[in-house]
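> Structure for the following, please:
(4 chains)
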2 protein chains.
Amino acid sequence: MISQKAKYALRALLVLADLKTDSISIAEMAEQHRMPRKFLEQILLDLKHAGLVQSRRGVAGGYSLLKPADTITFGQVLRLIDGPLAPLPCLSRVAYRRCEDCHDEASCRIRRVFGHVANATRAILDQTTIADAQADPERVGRILGGIQGAA
Amino acid sequence: MISQKAKYALRALLVLADLKTDSISIAEMAEQHRMPRKFLEQILLDLKHAGLVQSRRGVAGGYSLLKPADTITFGQVLRLIDGPLAPLPCLSRVAYRRCEDCHDEASCRIRRVFGHVANATRAILDQTTIADAQADPERVGRILGGIQGAA
DNA sequence: CCTATATCCTATCGGATCAGTAGGCTTTAA
DNA sequence: TTAAAGCCTACTGATCCGATAGGATATAGG
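All right, here's what the predicted structure looks like:
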C-alpha cells in the first residue's frame, strides 16, 4: 500500500498540471480537493525541495509546477515520499540494504521471485508520468502496452 | 516492502518443501535457518490455521507441509501475513475499501495507474508457487516469460 | 511603513503496526 | 510420570503514519 501522503502528493501534482491559472495557493488546493491543509503544506514543501514544484510567498503567493509534467514520474514521487519501491531492501537500487539473515544473496530463492516483481513495478512506475496520468484514460494503457508490462 | 514476518513465512515454507525427513521441529528450523524461535512459532501457527501446513505435538512433534508445494502461491502467503497486495485499498479484491477522499473511482487517474501495477504484481505473485521457487533458478524466469509479465 | 496574507519550518502527538518476547497450557511418546 | 514438543494470548519497545500547532519569514497593496 502506498501512503496517504504519497496519494496527496500525486493528486497535488495533477492539480498543478491541470492548472489554467499560473499558480494556486495551498488553502485553495486543500479546500477544492479535500486535503488537510497543513499536511498538504508539508507535502508541497517536500516536492519543492525535490525541485518538482516552485512557490511564491506573500499575498498573491502559491504553487506551480517547476518541471514539465511529462518529466515527473510516479516512481520519482513515490520514492521521494514513501522511500524505496523495492519489495525487499536487498532489491532496492536507491537504498540497497543487505537482508542480514541471508547468507547468499545470489542464490536466495525469495529474492529471485521478488526481483521480478520489482522489475515489473519499476517498468510501470518509472515510465508513467504525471502528464500520462493527466491525459485521456486510454493513454496510460497504450504506454503500458509498449513496455513488457502489466497484464 | 514486505514484512520480516512474511519473509520468514516464505522461508519456512521452502524449508518444509525441501524437507527430506517427514517433519521438522520449530526449534530445529529456527536454529538451522537463523530465525527467532518464538516468532517462527507464531508464524507456523498462522500457516497452520490457514491450512498450508500441519503439525504434530508432543515429543517427536514438528511441522510438515499439508498442501503440495506447487499449490501454495507467494500471493497467498503474502495476503495471509501482510494483508492485501494492492497498492491502493480501492484496488484490493480481497479487502476492497473505498478511498474516502475520492469522489469518482472510475475516473480516478491515480487509481488507473496503480491498477496496472496491481495487475502486474498479481500476475507474478499469484502464479509463482513455493515449488517454483524451490526449483532450479531458471524456472521462475520461464514461468514469468509465459505470463505477460516482468521485464 | 504597516498589515493582511501567503509560504516556510520544526516540533509534537495519538494511534497503529512491526518485530519480537514471555509464559502458561495442552498434547504426546517413552 | 515426565520431558519435549506445539498451542495460544498477552505484552512491549521502537518506529511509522497521518496529521496538527504555531511561530518565523516573505510579499503586495494601501
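> Which residues of chain A lie near DNA strand D?
For chain A, the contact set with DNA strand D under Cβ under 7 Å from any atom of the strand comprises A:3-5, A:36-39, A:41-42, A:56-61, A:82-83. For every residue, glycine as well, the C-beta is placed using N, CA and C.
> and the residues you listed, which are buried?
residue A:82 (16 or more other Cβ atoms under 10 Å in any protein chain shown).
> Out of the residues of chain A next to DNA strand D, list just those in strands.
Residues of those located in strands (DSSP state E): residue A:56.
> ok, and which of the residues of chain A next to DNA strand D reach DNA strand C?
A:38, A:41, A:42, A:56, A:57, A:58, A:59, A:61.
> Would you mind giving both backbone torsions of the fifth one?
To tie it back to what came earlier, the one meant is residue A:57. phi -90, psi 170 (degrees, to the nearest 10).
> coming back round to it: just checking, which of the residues of chain A next to DNA strand D belong to helices?
Among those, the ones falling in helices (DSSP state H) are A:4, A:5, A:37, A:38, A:39, A:41, A:42, A:82.
> Look at the fourth one and report its pLDDT.
At residue A:38, the model reports a pLDDT of 98.
> pLDDT value on the residue in chain A that DNA strand D sits nearest to, please?
For chain A, the residue closest to DNA strand D is residue A:58, as judged by Cβ to the nearest atom of the strand, at 2.2 Å. pLDDT recorded at residue A:58 is 95.
> Identify the residues contacting it.
Applying Cβ atoms under 8 Å, 6 or more residues apart in numbering or on different chains to residue A:58 gives no contacts.
> how much space between it and residue A:66?
Distance from residue A:58 to residue A:66, counting by Cβ to Cβ, to the nearest Å: 18 Å.
> Which parts of chain A are helices?
Going by DSSP H, chain A shows helices at A:4-18, A:26-32, A:37-49, A:74-82, A:109-125, A:130-134, A:137-146.
> mind putting those helices in TSV, distance to residue B:13 included?
What follows is the helices of chain A, written out as TSV (distance: least, Cβ to Cβ, whole Å):
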stretch	distance to residue B:13
helix A:4-18	31
helix A:26-32	46
helix A:37-49	39
helix A:74-82	28
helix A:109-125	10
helix A:130-134	38
helix A:137-146	32
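> Which one, of those, ends up nearest to residue B:48?
helix A:109-125 (20.6 Å; Cβ to Cβ).
> any idea how far that closest one is from the chain center?
Centroid separation between helix A:109-125 and its chain, computed with Cα atoms, centre = their mean, to the nearest Å, is 18 Å.
> residues of it that come out buried?
A:109-125.
> How about it and chain B, any contact?
Yes - contact of helix A:109-125 with chain B (Cβ under 8 Å from any Cβ of the partner chain) involves A:109-110, A:112-114, A:116-117, A:119-125.
> re earlier: for the ones next to DNA strand C among the residues of chain A next to DNA strand D, work out which two are farthest apart.
Most distant of those, by Cβ to Cβ, are A:42 and A:59, 21.8 Å apart.
> Now the phi/psi pair for residue A:86, please.
phi -60, psi 140.
> what about residue A:18, neighbour count?
12 (other Cβ atoms under 10 Å in any protein chain shown).
> That one contacts residue A:135, correct?
No - counting by Cβ atoms under 8 Å, residue A:18 stays clear of residue A:135, with 11.1 Å between them.
> could you measure residue A:37 against residue A:46, distance?
Residue A:37 sits 15 Å away from residue A:46, taking Cβ to Cβ as the criterion.
> where in chain A is pLDDT low?
For chain A, the stretches with pLDDT under 70 are A:136-151.
> Mind doing that once more with 80?
Applying pLDDT under 80 to chain A flags the ranges A:100-101, A:136-151.
> Get me the contact residues on it for DNA strand C.
For chain A, the contact set with DNA strand C under Cβ under 7 Å from any atom of the strand comprises A:25-27, A:38, A:41-42, A:44-45, A:48-49, A:55-59, A:61-63.
> could you redo the last one with a cut-off of 10 Å?
Taking Cβ under 10 Å from any atom of the strand, the part of chain A that reaches DNA strand C is made up of A:1, A:23-30, A:37-42, A:44-49, A:53-63, A:100-101.
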